[in-house]
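Student: Predicted model and sequence below, questions to follow.
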Amino acid sequence: MSRALYLECESGISGDMFVAALLDLGADQEKLKKVLESIPVKGAEIVISRVKKSGLDVCDFLVKLDEIHENHDHDMEYLHGHEQGHHHGGEQSHGHHHGEEHSHGHHCGGAHPHEDRGLPEILELLRNSAMSERAYEYARRIFLILAEAEAKAHGVPVEQVHFHEVGAIDSILDIAAAAICLDDLDLDRVYIPELTEGCGTIRCQHGILPVPVPAVSNIAAAWGLPLRRSGVRGELITPTGAAIAAAIRTGEQLPEHYIIERIGLGAGKRNYETPGFLRAMLIRENAASGNGIERDRIWKMETDVDDCTGEVLGYVMELLLEAGARDVHYTPVYMKKNRPAVEITVICDLDKREQMERILFRETTTIGIRGTLMERSVLERSFGEVETPWGPVGVKRCRIPGEQQPRVYVEYRDAEKAARNAGVPLRDVCLFAEKARDC
């Protein structure tokens, strides 16, 4: 069974809330600390503890900065421009970790040094750490989403974005921790029905801005994140939280029937009129009760080239499929000046987008790639093997809603091998495998 994550964002989402929720779900704390220690930054300590939120026992993840790097981001009156600064009661502060606001330039307290790092520098730090390849790709994807949002907000190219605040230690470690925990839990799908945001204004590096701040708005618009506004005065969704949601979300509609296997609660740290935690659930679909159709999201990319040889295109298709593309196909087209060309179409999972783009840019002559987020309906399927008189053959069974018997699809490479070895027609092998009932 696939491992699916459901995020319930009634109190918004931030990096530290997300990490804490995954740790509460069972992500390996010792592995997390060990990998974070390998990132070459100084001035912070990782603290994982338990706190009370609305009377519940909740996991707390904190990047504790030393005196030099501390930014005192819990000054609510400052954050909300004085006129909105009021402190709601509760056992613990209810919002987000101070480091989260670095991703869009919140700057609290007096003068203090913050490293000015560009995206290549940050990614180089992570690349030289003990992060796995998949964890690095998660982190890279989150940072790229942030960079695109900041570039749009400030009207500059992505390559010119310098994260004056995202480059700070706590933000780097928050995003790295999120990526490490995601990798450790080995998730197949992530459902996020909606993100709850507050209202009013928040003080940022560039002044007082309305909630949601530009980076969050840009991420939500670019990635189709469904937002719900609440009456809570304050920022519930940080740019880091929005970027994480955009990077990992595969769908918004939960299966009609599912079983909760585990629940994790991740604490925030500001005091707003919300429960103050992110609830995460590991779920599995109750296939016997479902309608046999699952829905998720995929990424479709296209690019047109008129100066690539057939040999190159054949090689590129092999690379894309080996890298995890779900499908690759070529379509003859005519471009400007009536030049015959080829349209390359790649279908992949969301977390494979950057990897596919790198291959296309590196191996073809394209200078631009179009991308579309698409919803996909998938039939319930199972894989097995049937014994035929000529040897074992792999098959895939799919159930169509309303049909009693499943449809059986033969793995043709297996059937071809059996047919060649036995010297019998391929059709005979396929017909026998399709009619088999036990696999």
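Tutor: Yep, it's here. Residues are numbered from 1 along each chain as shown.

Student: Low-confidence stretches in the stretch 201-350 of the chain?
Tutor: 205-206, 285-295 (pLDDT under 70).

Student: List the buried residues in the lengthiest strand in the chain.
Tutor: If you go by DSSP state E, the chain has its longest strand at strand 293-305. By neighbour count on 16 or more other C-beta atoms under 10 Å, the buried set for strand 293-305 is 294, 295, 296, 297, 298, 299, 300, 301, 303, 304, 305. To be clear about C-beta, it is placed using only N, CA and C from the backbone, and glycine gets the same treatment.

Student: Note down every partner strand of it and its orientation.
Tutor: strand 340-348 (antiparallel), strand 370-379 (antiparallel) (DSSP bridges).

Student: what's the most distant pair in the buried residues of strand 293-305?
Tutor: Across the buried residues of strand 293-305, the longest distance by C-beta to C-beta is 34.3 Å; it joins 294 and 305.

Student: For the stretch 201-350 of the chain, which segments count as helices?
Tutor: Secondary structure of the stretch 201-350 of the chain, counting by DSSP state H, counting those that start in this stretch: helices at 214-223, 239-248, 310-322.

Student: Relative to residue 54, which of the ones you listed is closest?
Tutor: Of these, nearest to residue 54 by C-beta to C-beta is helix 239-248, at 19.4 Å.

Student: The closest one - contacts with which helices or strands?
Tutor: helix 15-25, helix 133-154, helix 169-185, strand 195-199, helix 214-223 (3 or more C-beta pairs under 8 Å, 6 or more residues apart in numbering; DSSP states H and E).

Student: make it 7 Å
Tutor: When contacts are defined as 3 or more C-beta pairs under 7 Å, 6 or more residues apart in numbering; DSSP states H and E, helix 239-248 sits against helix 15-25, helix 133-154, helix 169-185, helix 214-223.

Student: Let me know which of those helices is the nearest to residue 44.
Tutor: Checking those against residue 44 by C-beta to C-beta gives helix 169-185 as the closest, at 4.8 Å.

Student: what's the offset of the next helix or strand along the chain from that closest one from the middle of its chain?
Tutor: The helix or strand immediately downstream of helix 169-185 is strand 189-191, counting by DSSP states H and E. For strand 189-191, the separation from the chain centroid amounts to 9 Å (computed by C-alpha atoms, centre = their mean, to the nearest Å).

Student: name the helices or strands packed onto strand 189-191?
Tutor: strand 4-8.

Student: Parallel or antiparallel, which strands does the strand it packs on pair with?
Tutor: As assigned by DSSP bridges, strand 4-8 forms pairs with strand 189-191 (parallel), strand 277-285 (antiparallel).

Student: now what about the shortest one, what contacts it?
Tutor: This means strand 189-191. Strand 189-191 has contacts (C-beta atoms under 7 Å, 6 or more residues apart in numbering) with 2, 4, 5, 6, 7, 248, 249, 250, 251, 252, 254, 296.

Student: rewinding a little: possible to save the helices and strands packed on helix 239-248 as JSON lines with mean neighbour count and distance to residue 427?
Tutor: Compiled in JSON lines, these are given as follows (neighbours: other C-beta atoms under 10 Å; distance: least, C-beta to C-beta, whole Å):
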{"stretch": "helix 15-25", "mean neighbour count": "29", "distance to residue 427": "50"}
{"stretch": "helix 133-154", "mean neighbour count": "21", "distance to residue 427": "42"}
{"stretch": "helix 169-185", "mean neighbour count": "26", "distance to residue 427": "45"}
{"stretch": "helix 214-223", "mean neighbour count": "21", "distance to residue 427": "47"}
